[in-house]
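> Generate coordinates for the sequence data below:
(2 chains)
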Amino acid sequence: MTNDDLDKFLDSALARYSAEDPLAGLEQRVLNRVGAEGGVRRFKWGRWALAILVVFTITTAVLWKRPLPTAKLGGGLQSARGFSPAVANRRSPRKRARRPAHPPLSREERAWLALAARAPDQMREASLDLKPLSTEPIQVEEINIEPLRSHDANDDTK
Amino acid sequence: MIEITEALALHDPGSAARQETAAREARFAGLVERQSRFVFRVAYALLRNSHDADDVVQDTFLKLYRGGQWDAIENERAFLARAAWRTAADKLRSRGRTSGPLDADLALCGGANPEETLVTADWNAAVHRLVDALPPKLRQPLALSTVEEMSSREIARVLGVAEGTVRTRILRARAILKRKLAALMEGRYDKR
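All right, here's what the predicted structure looks like:
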């Protein structure tokens, strides 16, 4: 077989390499599948967006209806000690059960509470008597220092 | 008639949207009608399996539809060839198929003796197995060149290589095939 014959034979064989025909109805299968699944992704995205919106709405509603922590005696103290309701809520229920909701009052705080309960009027008057801190500038009197005398001046006096 | 339709569409925006959707669907169906066979052959050139190639055609058009940019394709044939080739390559990877085992195939066809192969094997099938046994870098451009007269430029775009590289690889592939074919015909095929 000559080189040209080999070339022709090769061309003829290669022409059939990918000349396979698909099964009948390929176009319809494609269109059916596109019709069935073509919009699925968009629908999924829509479903996710809806789910996120619902979760966000419920969370917002729950947080909105929740009573805010009221200001109590010792509240400042709590915050000063690093107590945070948000952090406390994030703790597990078991830990919350183990730990008290608020730190116990100190001795001084309990004494103040007892005094306020016993004599509330006096406490109020006492608090009214407290003068606010003055914001006036401090007045300092002028200081006069006499100049020092030299030895020569002493000699002259002699 | 067109004026009446436009006037109706102006009065009913929902109807206009429906008409647009229907027209778009019709254009997509036309694209499928025009190119599905071509896409099948591109996929088949790589996969060498009708069912897998069928799946690739469906996957390719489905991706295209979901992507939504199919309406703005300039060269749909080149675009589809590239998309189908990528999808077929992914399928091939997932299938874990390697290039065709020529020696085993020949042994199945006609035994270890090349003369028996000459007598019993279909020559086209023998050439196809020789093509399958080529290294992928040579086989892929050659396989694509057999698909409905794909030009070197189109093949280069599909494979992402230079046009000159495609031509060189096809020539090298053909040279190897000719050498092996001649050896087969003379009954002195070596397993190189």
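> Residue A:10 reaches residue B:178, doesn't it?
Yes - Residue A:10 is within contact range of residue B:178, at 6.2 Å (criterion: C-beta atoms under 8 Å). Where you see a C-beta, it was placed from the backbone N, CA and C, and this is true even at glycine.
> Just give the number of residues close to residue B:21.
When neighbours are counted by other C-beta atoms under 10 Å in any protein chain shown, residue B:21 registers 10.
> Residue A:35 too?
Neighbour count of residue A:35, defined by other C-beta under 10 Å: 12.
> tell me which element it falls in.
Element membership for residue A:35 (DSSP states H and E) is helix A:26-37.
> can you list the residues that contact that helix?
B:28-29, B:32-33, B:36-37, B:40, B:54, B:57-58, B:61-62, B:65 (C-beta atoms under 8 Å, 6 or more residues apart in numbering or on different chains).
> If you rank those by neighbours, which is first?
Per-residue neighbour counts (other C-beta under 10 Å) across the contacts of helix A:26-37 peak at residue B:57, which has 31 neighbours.
> What are the neighbouring residues in contact with that residue?
Counting by C-beta under 8 Å, 6+ apart, residue B:57 touches A:22, A:26, A:30, B:36, B:39, B:40, B:43, B:84.
> Among the contacts of helix A:26-37, which ones are in helices?
Counted as lying in helices by DSSP state H, out of these, are B:28-29, B:32-33, B:36-37, B:40, B:54, B:57-58, B:61-62, B:65.
> from the residues you listed, which single one is nearest residue A:57?
Using C-beta to C-beta, residue B:65 comes nearest to residue A:57 of the ones in helices among the contacts of helix A:26-37, at 33.3 Å.
> still on that earlier bit, tell me which residues in the helix holding residue A:35 are buried?
If you call a residue buried by 16 or more other C-beta atoms under 10 Å in any protein chain shown, then helix A:26-37 has these buried ones: A:26, A:27, A:29, A:30, A:31, A:33, A:34.
> and if you look at stretch B:57-77?
In terms of neighbour count (16+ other C-beta under 10 Å), stretch B:57-77 has its buried residues at B:57, B:58, B:59, B:60, B:61, B:62, B:64, B:65, B:70, B:77.
> Residue B:151 is in contact with the last one, correct?
If I follow you right, that is residue B:77. No - using C-beta under 8 Å, residue B:77 is not in contact with residue B:151; the gap is 10.2 Å.
> Return the helix or strand in chain A with minimum mean pLDDT.
Taking mean pLDDT, DSSP states H and E as the measure, chain A has helix A:75-80 as its least confident helix or strand, at a mean of 49.
> Count the neighbours of the residue nearest to residue B:95 when sequence neighbours are not counted for me.
Excluding its sequence neighbours, the residue lying closest to residue B:95 (C-beta to C-beta, 6 or more residues apart in numbering or on different chains) is residue B:52, at 7.3 Å. For residue B:52, the neighbour count with other C-beta under 10 Å is 18.
> Also residue B:16?
Residue B:16, neighbours per other C-beta under 10 Å, totals 15.
> Please give the element, helix or strand, for it.
According to DSSP H and E, residue B:16 maps onto helix B:13-47.
> Mind giving me the packing neighbours of that helix?
In this structure, helix B:13-47 makes packing contacts with helix A:26-37, helix B:2-11, helix B:50-67, helix B:76-95, helix B:136-145, judged by 3 or more C-beta pairs under 8 Å, 6 or more residues apart in numbering or on different chains; DSSP states H and E.
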